[in-house]
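In: I'd like to go over a predicted model; first the sequence, then the structure.
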Amino acid sequence: METRKTLAQKLNYFQQSPVRGQLEPPDGTTGDRRFLQCTDIPNELKVLLPSRTSVLYGNLLKIELDELKKGSHANWERIREIRHLKERMLRKCERLARGSMPERPAGQILTLYAPPEFRLREMERWLKHHAESTSEAPAGYS
């Protein structure tokens, strides 16, 4: 029988997912565009996001990490909102993958290039509201 401490160690909400939803570091060959890992298995499905979208998504990840560093004083409502937005972006990337290759065999590695107009308006609105409420403008907004 597992104790509460053991369960808490397995369900660590104080960290980001190590693969799914993370941006790969810029490699110089893609310019400002960055790949988003869309599954828990590295490189199984990754999507190259447009420049502005990758900058805004990177800001979202930074805000999440900053909030998680607060530990027990973290604003869990904000973390819940951020994780909702991350999940929306991942689902949008998965829809893009299904549209480009509807009969993809399980486990097949797939790399997609999102169109230049690929964006998540809900994330943009949330970041703009967050910037207004904290009086800091995130990169990507003019």
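Out: Arrived safely, thanks for sending.
In: after the strand or helix carrying residue 62, which helix or strand is next?
Out: In this structure, residue 62 sits in helix 51-68 according to DSSP states H and E. Next along the chain after helix 51-68, taking DSSP H and E as the criterion, comes helix 76-100.
In: where does the protein dip in pLDDT?
Out: Applying pLDDT under 70 to the chain flags the ranges 1-14, 102, 104, 135-142.
In: go again with 90.
Out: Residues of the chain that meet the criterion pLDDT under 90 lie in 1-19, 25-32, 40-43, 71-72, 74, 98-110, 130-142.
In: surely residue 111 forms part of a strand?
Out: Yes. Under DSSP: H, G, I helix; E, B strand; the rest coil, residue 111 falls within a strand.
In: tell me how many other residues crowd it.
Out: Counted with other CB atoms under 10 Å, the neighbours of residue 111 add up to 12. C-betas here are computed from N, CA, C, even on glycine.
In: excluding chain neighbours, what is closest to it?
Out: Distances taken as CB to CB, 6 or more residues apart in numbering place residue 46 nearest to residue 111, at 5.5 Å, with adjacent residues excluded.
In: just the element for that neighbour, please.
Out: Assigned by DSSP H and E, residue 46 falls within strand 45-49.
In: that strand pairs with which strands, and in what direction?
Out: Here strand 45-49 is paired, per DSSP bridges, with strand 34-37 (antiparallel), strand 110-113 (parallel).
In: only the buried residues of the last one, if you could.
Out: With burial defined by 16 or more other CB atoms under 10 Å, the residues of strand 110-113 counted as buried are residue 112.
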